[in-house]
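> Sequence and predicted model, in that order:
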Amino acid sequence: MSKHPLRYFFERPFQFPINNWPFSEEEFLEESSLQGVRVYEENQKLNVEVPLAGLSLDDIEVNLNQGVLWIRGECKKEEEKNKKFYRSSKRQYSYSITLPTQIDEKEEPEATYADGILKVSLKLAKQSETKKIKVKSKK
């Protein structure tokens, strides 16, 4: 899907009645919540790249549990006592990415953070070869 679902809807507002929405809820949520995330295989590793602009290493938490990669980040700024804030916002990120293939859980994942991009590399599990089983007659 090349366009965001809402953009598609607003370009053609009367083409689809509300009960005939062209995108499922899952497609809409996946498209909007995982923007900028890249998942790809390279050199026997599964790589996940996530933009986390404005965070330091201490602000990032990465967990792997049952084939789901959880990435959370929050910019922790200390309040300045001499300033009266009318508005102050924090950067927060939260991603849960279901991995598309089996990984080798014995190998330690590698995570690096540079230029606002977190990269997690996971070693792929060796695929078991198909073994042909000879069927015998039972007599």
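Ah, there it is.

> Could you check how far residue 129 is from residue 112?
33 Å (CB to CB, to the nearest Å). The way it works is simple: take the backbone N, C-alpha and C, and place the C-beta from them, glycine included.

> Show me where this protein has its strands.
Along the chain, counting by DSSP state E, strands occupy 38-42, 45-51, 60-65, 68-74, 92-98, 110-114, 117-123.

> would you list those strands in CSV and tack on distance to residue 133, mean neighbour count and mean pLDDT?
Formatted as CSV, those follow (distance: least, CB to CB, whole Å; neighbours: other CB atoms under 10 Å; pLDDT from 0 to 100):
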stretch, distance to residue 133, mean neighbour count, mean pLDDT
strand 38-42, 30, 12, 92
strand 45-51, 31, 18, 93
strand 60-65, 34, 13, 92
strand 68-74, 34, 17, 91
strand 92-98, 32, 14, 88
strand 110-114, 38, 12, 94
strand 117-123, 30, 18, 94
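
> would you list these in CSV and tack on distance to residue 104?
As requested, those are exported to CSV (distance: least, CB to CB, whole Å):
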stretch, distance to residue 104
strand 38-42, 13
strand 45-51, 10
strand 60-65, 12
strand 68-74, 14
strand 92-98, 17
strand 110-114, 12
strand 117-123, 4
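
> contacting residues for the spatially closest residue to residue 94 that is not a sequence neighbour?
Distance criterion CB to CB, 6 or more residues apart in numbering; nearest residue to residue 94, sequence neighbours excluded, is residue 72 at 5.1 Å. Shown in contact with residue 72 (CB atoms under 8 Å, 6 or more residues apart in numbering): 60-62, 93-95.
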